[in-house]
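K.L.:
curious how this folds, go ahead:
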Amino acid sequence: LALVSGLQKRFDRVGFMKPVGQQHVTVRSRELGVDVRVDKDVTLMREHFGLSHVDYRYMSPVIIPRGYTKDFIDGKITVDEQLTQISESYEAIDTSSDIVLAEGTGHVAVGSIVQANNARVAALMGADMVLIVSDAPRPAPRPSNGRCRPRRAPVRTSPSQTYFRPSVRRPPLRGRDCTF
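P.N.:
Numbers count the residues shown, from 1 in each chain. As a prediction, the model looks like this:
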């Protein structure tokens with residue numbers, strides 16, 4: 001939000017897109033006159049910042065819903081189709097905007113299995129990448145209250161990411177097994 005806000009202070013027409021998204025909503029494309037699926041972040045940005053000079057159809061060209069990876073592996077979706085959609089959408093937004101901000105996926109590896117990760121998409125668009133991470137402390141795991149124990153134990157690998165590894169399987173205490 002802060003990046004678009006800052007860009008709008010310097011440029012008249014800021015374009016925005018999320019080339020690869022996962023969590024989608026259905027919206028109406030003004031140009032097509034039909035409903036299209038876009039990443040939820042796209043609707044927030046377009047509505048909050050009034051980015052109406054860009055149609056929804058270009059703002060979220062690749063959505064990865066449930067079953068998408070299977071369709072990709074089965075050959076129903078190809079790498080070329082995805083990259084063409086992203087490239088054409090970027091060109092359309094770039095033509096109607098003074099500057100374009102493209103939001104990557106939440107995790108740098110999302111899209112890798114379908115060969116559309118953040119690095120590949122940025123290279124396709126000729127865009128520089130800015131990695132924004134948070135070093136905010138994670139909440140500490142809740143202590144066991146004697147009735148249950150956590151199934152997963154956090155493993156710190158870097159200041160910005162937490163991965164989990166399964167704990168050793170033990171029988172639940174007093175018939176209860178809780179997940180924290």
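
K.L.:
can you list the neighbours in contact with stretch 118-132?
P.N.:
19-20, 83, 86-87, 90, 100, 102, 104-105, 108, 110-111 (CB atoms under 8 Å, 6 or more residues apart in numbering). In this view, the C-beta of every residue, glycine as well, is placed from N, C-alpha and C.

K.L.:
just the buried residues from these, in PyMOL please.
P.N.:
In PyMOL, this line selects whichever of these come out buried by 16 or more other CB atoms under 10 Å:
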select buried, resi 19+20+83+86+90+100+102+104+105+110+111
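
K.L.:
possible to save the contacts of stretch 118-132 as CSV with distance to residue 127, pLDDT and secondary structure?
P.N.:
Listed next are the contacts of stretch 118-132 as CSV, based on distance: CB to CB, whole Å; pLDDT from 0 to 100; DSSP: H, G, I helix; E, B strand; the rest coil:
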residue, distance to residue 127, pLDDT, secondary structure
19, 10, 93, coil
20, 13, 92, strand
83, 14, 92, helix
86, 11, 94, helix
87, 12, 95, helix
90, 8, 95, helix
100, 8, 94, strand
102, 6, 92, strand
104, 10, 87, coil
105, 14, 84, coil
108, 15, 69, coil
110, 17, 75, coil
111, 15, 78, coil
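
K.L.:
residue 31: which of the contacts of stretch 118-132 is nearest?
P.N.:
The nearest member of those to residue 31, counting by CB to CB, is residue 90 at 16.2 Å.

K.L.:
could you find the closest non-adjacent residue to residue 104?
P.N.:
Leaving out its chain neighbours, the residue that sits closest to residue 104 by CB to CB, 6 or more residues apart in numbering is residue 118, at 3.9 Å.

K.L.:
hmm, back to that, got the contacts of stretch 118-132 as TSV, with distance to residue 6 columns?
P.N.:
Shown next, in TSV, are the contacts of stretch 118-132 (distance: CB to CB, whole Å):
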residue	distance to residue 6
19	21
20	24
83	29
86	25
87	26
90	21
100	14
102	16
104	18
105	22
108	23
110	26
111	27
